[in-house]
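Colleague: generate coordinates for the sequence data below:
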Amino acid sequence: MASEKKELKKDKEEIVKKKTEEKAKKDVKEDRKAAVKPRPVEKPVKDEKKAADKAVRGYDPWKVLRYPHLAEKSMNMVEFENKLTFIVRRDASKRQIKEAIERLFGVKVIKVQTEITTSGVKKAYAKLSPENSASEIASRLGMV
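Modeller: Numbering: from 1, shown residues only. Below is the predicted model:
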């Protein structure tokens with residue numbers, strides 16, 4: 001009887017071992033399939049004018065710019081350096097910020113500098129061209 005129990009125990013151990021090996025092989029196959037999965041290819045737009053119109057209609061600059069930054073330092077930048085300061089989305093690029101400011105206010109932006117504060121907020125400093133006045137835009141926004 002004791003020998004029968006030992007044999008049953010060995011049989012169970014072998015079955016469990018085979019199942020774990022099969023599962024491991026299956027997991028490896030699934031990982032390989034996931035790694036080789038092809039990425040979708042974007043289709044080229046046939047009519048560039050239609051694409052540009054669609055981009056203009058669906059574009060909201062306030063999705064990039066959250067709000068103007070109102071602090072003593074930013075007010076001094078408006079007056080003395082012809083710069084505007086905005087709090088922007090964390091994933092916004094300098095090019096997107098420049099484009100949003102130019103579309104919203106109809107001004108020419110020379111340079112955009114960004115920084116991420118210690119609180120995790122992204123700030124953008126936009127230097128306007130000399131023919132555009134940052135103080136005029138600041139007064140339109142209610143900053144001054």
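
Colleague: which ones are touching the nearest residue to Pro61 once chain neighbours are set aside?
Modeller: Distance criterion Cβ to Cβ, 6 or more residues apart in numbering; nearest residue to Pro61, sequence neighbours excluded, is Ala100 at 3.6 Å. From N, CA and C alone the C-beta is placed, and that goes for glycine too. Residues counted as contacts of Ala100 (Cβ atoms under 8 Å, 6 or more residues apart in numbering) are Pro61, Trp62, Val64, Leu65, Ala92.

Colleague: could you redo the last one with a cut-off of 10 Å?
Modeller: Contacts here follow Cβ atoms under 10 Å, 6 or more residues apart in numbering; on that basis Ala100 touches 59-65, 86, 88-89, 92, 109, 124, 126.

Colleague: identify, from the residues you listed, the entry nearest to Ser3.
Modeller: When the contacts of Ala100 are ranked by distance to Ser3 (Cβ to Cβ), Arg89 comes first, at 72.8 Å.

Colleague: and the helices in this structure, which stretches?
Modeller: In the chain, the segments counted as helices under DSSP state H are 2-36, 48-57, 72-76, 94-105, 134-141.

Colleague: where among those helices is average confidence lowest?
Modeller: Looking at those, the lowest mean pLDDT belongs to helix 48-57 (a mean of 56).

Colleague: which pLDDT value belongs to the residue nearest the centre of the chain?
Modeller: For the chain, the residue nearest the mean C-alpha position is Asp91 (3.4 Å; Cα atoms, centre = their mean). Asp91 carries a pLDDT score of 93 in this model.

Colleague: is it true that it touches Ile97?
Modeller: No - assessed by Cβ atoms under 10 Å, Asp91 is found out of contact with Ile97, at 11.2 Å.
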